[in-house]
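Trainee: Sequence plus predicted model, see below.
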Amino acid sequence: MSGIKEVRGAASVGCGSEPPTPLRRFRVAHLIESSRMYGRQLLRGIAAFASEHRNWILFHEEHSLGEEIPLRLRRWRPDGIIAQLAGAKMIRQIRRMKVPVVDLYGEEKIPGVSGILPDADAMIQMAISHFLERGFRNFAYCGFTNVLFSEIREACFVERLAKQGYQAHVFRYPPLAKPKGLAAVEAHARQYSAQLAKWLRNLPKPVGLLACDDTRGQQILFVCNEAGIAVPDEVGVLGIDNDDVQCELSTPSLSSIDPNVQAIGYKAASLLHQLLNGQPTCSDCSDKLLVSPLRVVARHSTDVLAFADPEVAEVVRFVREHAFDGMSLEAMTAHLKISRSTIERWLHRSLGRSFVEEIMRVRINRVAELLLTTNLKVEKIAHLSGFPHVASMSRMFKKVQGLSPGQYRLKVNTVS
């Protein structure tokens, strides 16, 4: 389906006043692969911005990554373009049009072209923290060979783990000779399922495995099911992009990082708006601006405590189940029949945190989740998160997050 959508707004004119100066109209094209949730979320962000500003005429046509620019668009002569610039031919065509462009793919740094991308390093650190909190001390990565975003995420994962004293095992297979789109790359990767199964069996267990995206995560879960590899007990699998339909259709359901894609689309539209109006931007027109991920959406594929010591796993499970009950250390030791000094020693050895620090971490994470996913008032959030008072919650939250609860909620709003 294709078409041009005009976003209009009627301006009111006061009695006896001069008619307002008409807003300049901008013809804006977006070239985004929309068959996947990631692309559709980008488009939602762009649409949200356009609906607020009322003077954009939007060009929409189904588009695949790396596909050349349709002749119809070139004849339409847009004022600006938001695109996933993939492939040398498409980039050459875009540059010939000599209009402001915002890139959402990041294949290369293009002189004069701004870009907005998910913060890969922040996503990777979020993934590692998720695995560590669940007790994993072995790590693996599985992506797509010779695919840019996959290779960037792999490099960040390997480097970040090395800095923290861990090794990442990486699955590799021969690349597709002449890839024609991501769907072809995904189909090619499935041809190496037997090799992937053998690699998975030989990994040290239990292992936290990061997939480059949810499609690769779903492929890994399918191979695990076919090969009799237990998920999450032997292999905990985490994807990226949080395509909720794809994640829920996986067996078991796939945990995934939400990279805040709608915000990327919205901020891309906002940046293009500044460029079209000749306003200064926060980049030098060739920088890549990064958008922080929202959170890990935990589902069954990482729902495990993989600590080597079962007693430690039981203590951590009890803490996380009762962190919101106002539980004291004395009540915990009474229930577990373990001395206070032993509990503290176990937690320090396995988590690097004290009992109180672990309780507070769990509570703060709960506050952040409720601020992000609900419209509850802070008083109710404090109660649901185990804090006796809003003031103590706010003080501790700001200490950890660097923002007050209200500031945090505003920051993570996808169209802020």
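Mentor: Cool, got the structure. Residues are numbered from 1 along each chain as shown.

Trainee: how deep is residue 318 tucked in, by neighbour count?
Mentor: The local packing count at residue 318 equals 15, with neighbours defined by other Cβ atoms under 10 Å. (C-beta placed from N, C-alpha, C; glycine too.)

Trainee: where's it, which helix or strand?
Mentor: When elements are defined using DSSP states H and E, residue 318 is found to belong to helix 310-322.

Trainee: where's the longest helix anywhere in the chain relative to the chain centroid, distance-wise?
Mentor: Ranked by residue count under DSSP state H, the longest helix found in the chain is helix 355-373. In terms of Cα atoms, centre = their mean, to the nearest Å, the centre of helix 355-373 is set 19 Å apart from its chain centre.

Trainee: now do stretch 96-113
Mentor: For stretch 96-113, the distance to the chain centre is 23 Å (Cα atoms, centre = their mean).

Trainee: Would you mind writing the CA trace of that stretch as PDB?
Mentor: Taking only C-alpha atoms (Å, rounded to 0.1, in the frame of the first residue of the first chain), the coordinates of stretch 96-113 have been written out as PDB:
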ATOM      1  CA  ARG A  96      21.800  13.300  -4.900                       C
ATOM      2  CA  MET A  97      18.500  14.600  -3.700                       C
ATOM      3  CA  LYS A  98      20.300  17.300  -1.600                       C
ATOM      4  CA  VAL A  99      17.700  17.600   1.100                       C
ATOM      5  CA  PRO A 100      18.100  17.200   4.900                       C
ATOM      6  CA  VAL A 101      18.200  13.500   5.900                       C
ATOM      7  CA  VAL A 102      18.100  11.700   9.200                       C
ATOM      8  CA  ASP A 103      19.500   8.100   9.200                       C
ATOM      9  CA  LEU A 104      18.000   5.400  11.400                       C
ATOM     10  CA  TYR A 105      20.300   2.500  10.400                       C
ATOM     11  CA  GLY A 106      23.900   3.700  11.000                       C
ATOM     12  CA  GLU A 107      25.600   1.500   8.400                       C
ATOM     13  CA  GLU A 108      28.300   4.200   8.000                       C
ATOM     14  CA  LYS A 109      29.000   7.700   8.900                       C
ATOM     15  CA  ILE A 110      27.800   9.800   6.000                       C
ATOM     16  CA  PRO A 111      29.100  13.400   5.800                       C
ATOM     17  CA  GLY A 112      26.200  15.900   6.200                       C
ATOM     18  CA  VAL A 113      23.700  13.200   7.400                       C
END
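
Trainee: Give me the buried positions along it.
Mentor: Burial within stretch 96-113, assessed by neighbour count using 16 or more other Cβ atoms under 10 Å, is assigned to 97, 99-107, 110, 113.

Trainee: Which parts of the protein are strands?
Mentor: In the chain, strands defined by DSSP state E lie at 2-6, 26-31, 56-61, 80-83, 101-103, 114-118, 139-142, 168-171, 207-211, 235-240, 255-258, 288-291, 295-297, listed in chain order.

Trainee: Next one: residue 127 from residue 48, what distance?
Mentor: Counting by Cβ to Cβ, to the nearest Å, the gap between residue 127 and residue 48 amounts to 28 Å.

Trainee: From the neighbour counts alone, determine which of these two ranks first.
Mentor: The neighbour comparison of residue 127 against residue 48 (other Cβ under 10 Å) goes to residue 127, with 28 against 16.

Trainee: how far away is the nearest residue to that one once chain neighbours are set aside from residue 381?
Mentor: Here the nearest residue to residue 127 in space, its sequence neighbours aside, is residue 210; by Cβ to Cβ, 6 or more residues apart in numbering that works out to 5.1 Å. From residue 210 across to residue 381, the span is 30 Å (Cβ to Cβ).
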